[in-house]
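Trainee: Let me see the structure of the following:
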Amino acid sequence: MVLRIEKWFAGLRSKKRASLSTNLPLWPVMNLEERDRQPYERQTVVQQALDAWRLNPLARRIVGLTSQYVVGGGIEMRCEHPATQAFLKNWWEHNLNQGPLRVYEWCDELTRSGEIFFLCSTDAAGMTYLRAVPAAQISAVETAANDLQQETAFVQVLPGLTGETKTWPAYDPSLDSRDQNGRFKTVMCHFAINRPVGAVRGESDLAPLLKWLSRYAAWLEDRARLNRYRNAFYFVVRSRFVSESERAARQANLNNHPPTPGSILVTDESESWEVIHPRLDSQDAAEDGLALKKMIAAGAGLPLHFLAEPESSTRTTAEAAGGPTFRHFEQRQLFFCELLRQVAQLAVRRRAAYDSSVNPAVPIRVQGADLSARDNAALAIATRAASNAFFDLFDRGLISQEELLRLIYRFAGEGGGLVNGRSDEKKPQQKRKTAPAIDEKIINPETGEPRGAAVI
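Mentor: Here you go, the predicted model:
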């Protein structure tokens, strides 16, 4: 066994030297032994993350929160071409794709495993079907000799005890074409998060939390067991008995009719009762549990009140703690929407080879739901407060209609798809009735809520 391991490392080093000898100057190959986890370690982390998600409520909550904010009310795909838009809707809602339903489990898999693999197969009519392959089944990712970012193939370990493997080619838009039978070959797409520069595989969001999740679970179990045994007690009855049979009869009588709480027990001077219970003291237990939970929350990027731990009851503290969390969810939402856009672009390109009405060059936009409804209220207040000044500039002919709409859309937090910059055409000056300003005594301009209103 030792000789096989040594031969394996020797072969890995020889492959690395061979790849270094064919490097391009602009694409140096990183050391795989330093940037990527070893295969066994990676498989162990993925399996532990899956077990934690199944058994640990905190791990399930962390993964669920990410999907709830990233996906939210659903994912919407848009394009300006009507025929392409109709195909996108049909492809996304196809009975064998079920994008609106499976998008949540895809986001869970991305968070839990740190990467997601899509197997894309196309039928004779040009309809592409997606199947997410578990990251634990991908044993190797083959890349170009001089560029780790150019993935060429993926090795999948097929389910079963035989250990058989299947190699899937990576999707390459420049090489994707129909074969002599008029069919596209099945390809695989790979998307990874938490990937260091120079690495190929991603890492789970739960990877740095696994140790602390297990420690918190063990601490909580010990606390529950301690509280159970702390309340345990038994009676010791001391008396003078003539014989062993009399003592056994008295003990059997008390076991069959134990005293109930609140009852009155009358004995003579020859019998005394004592209660024995364990003296188990646990000082500073709450601080220990809170410290463990803070470590978990810090690693997950979540405030404590997201994990059912109201550390502070003030609204200001809760809002300030939620800022970095929403930023993290926003970045993850952008990444998730981009990977769906690339997969949708693959489906459109393949459909265009069969249907000339589909335009493969049309831009596709994938948009997720708003992260917080509170942002909409604040943006509405900001838009209304700033629109009066913009309308005055427009009425005086200082800005064009396109510039006016661009500024309003910008303050509203939406992209209007308008041309940036000022146009040469100016609108003649007109008189306009100015809308009343926001009364800051009634409406809080920072939150968009009435002052003094209760937060629900």
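Trainee: got a list of what the residue positioned nearest the centre of the chain touches?
Mentor: Most central in the chain under C-alpha atoms, centre = their mean is T66, positioned 3.5 Å from the mean C-alpha point. Counting by C-beta atoms under 8 Å, 6 or more residues apart in numbering, T66 makes contact with 107-108, 111, 205, 329, 332. Just so you know, the C-beta spots here come from the backbone N, C-alpha and C atoms, and that holds for glycine as well.
Trainee: ok, 7 Å please
Mentor: Each residue near T66 by C-beta atoms under 7 Å, 6 or more residues apart in numbering is listed here: 107, 111, 329, 332.
Trainee: ok so it is a helix residue?
Mentor: Yes. According to DSSP: H, G, I helix; E, B strand; the rest coil, T66 belongs to a helix.
Trainee: Determine the longest helix present in this structure.
Mentor: Looking across the chain with DSSP state H, the single longest helix is helix 315-352.
Trainee: Would you mind measuring from the residue nearest to the centre of the chain to R396?
Mentor: To R396, T66 is 48 Å away according to C-beta to C-beta, to the nearest Å.
Trainee: Equivalent analysis for A170, please.
Mentor: According to C-beta to C-beta, A170 and R396 sit 57 Å apart.
Trainee: hmm, back to that, which of the contacts of T66 tops the neighbour count?
Mentor: T111 (25 neighbours; other C-beta atoms under 10 Å).
Trainee: buried stuff in the helix or strand hosting that residue?
Mentor: In the assignment (DSSP states H and E), T111 maps to helix 99-113. By neighbour count on 16 or more other C-beta atoms under 10 Å, the buried set for helix 99-113 is 99, 103-104, 106-113.
Trainee: Can you tell me which of the residues you listed is closest to E244?
Mentor: Of all those, E244 sits closest to R112, with 63.8 Å by C-beta to C-beta.
Trainee: Thought L50 was touching that closest one, still the case?
Mentor: Yes. When contacts are counted by C-beta atoms under 7 Å, R112 is listed as touching L50 (6.5 Å).
Trainee: Which parts of the stretch 351-456 of the chain are strands?
Mentor: Using DSSP state E, counting those that start in this stretch, the strands of the stretch 351-456 of the chain run over residues 365-367.
Trainee: Now do the same for the nearest residue to R78 once chain neighbours are set aside: its pLDDT.
Mentor: With C-beta to C-beta, 6 or more residues apart in numbering as the measure, R365 is the residue that lies nearest to R78, at 4.8 Å, once sequence neighbours are left out. As predicted, R365 sits at a pLDDT of 93.
Trainee: what's the burial count for R365?
Mentor: 14.
Trainee: Domain-wise, how is this protein divided?
Mentor: Domain assignment for the chain by automatic domain parsing gives 12-207+331-352, 211-256+269-311, 373-456.
Trainee: circling back: looking at the contacts of T66, which is nearest N146?
Mentor: Closest to N146 out of the contacts of T66 is R332 (30.9 Å), distances taken as C-beta to C-beta.
Trainee: separation between the closest one and A291?
Mentor: For R332, the distance to A291 - C-beta to C-beta - is 27 Å.
Trainee: Also N255?
Mentor: 45 Å.
Trainee: Who has more neighbours out of those two?
Mentor: Per other C-beta under 10 Å, whichever of N255 and A291 has more neighbours is A291, with 13 against 8.
Trainee: can you tell me the helix or strand for the more buried one?
Mentor: helix 285-300.
Trainee: for K211, same thing?
Mentor: helix 210-230.
Trainee: Report the separation between R351 and R341.
Mentor: Distance from R351 to R341, counting by C-beta to C-beta: 15 Å.
Trainee: which of these two has more neighbours?
Mentor: R351 (23 against 17).
Trainee: And the pLDDT for the closest residue to the more buried one other than its chain neighbours?
Mentor: The shortest distance from R351 to any non-neighbouring residue, by C-beta to C-beta, 6+ apart, is to G126 (4.3 Å). At G126, the model reports a pLDDT of 92.
Trainee: ok, G126 to R349 distance?
Mentor: From G126 to R349 the distance is 10 Å (C-beta to C-beta).
Trainee: Please say which of those two ends up with more neighbours.
Mentor: More crowded of G126 and R349, by other C-beta under 10 Å: G126, with 21 against 18.
Trainee: contacting residues for the more buried one?
Mentor: 350-351, 353-355.
Trainee: R240 too?
Mentor: Residues in contact with R240 (C-beta under 7 Å, 6+ apart) are S270.
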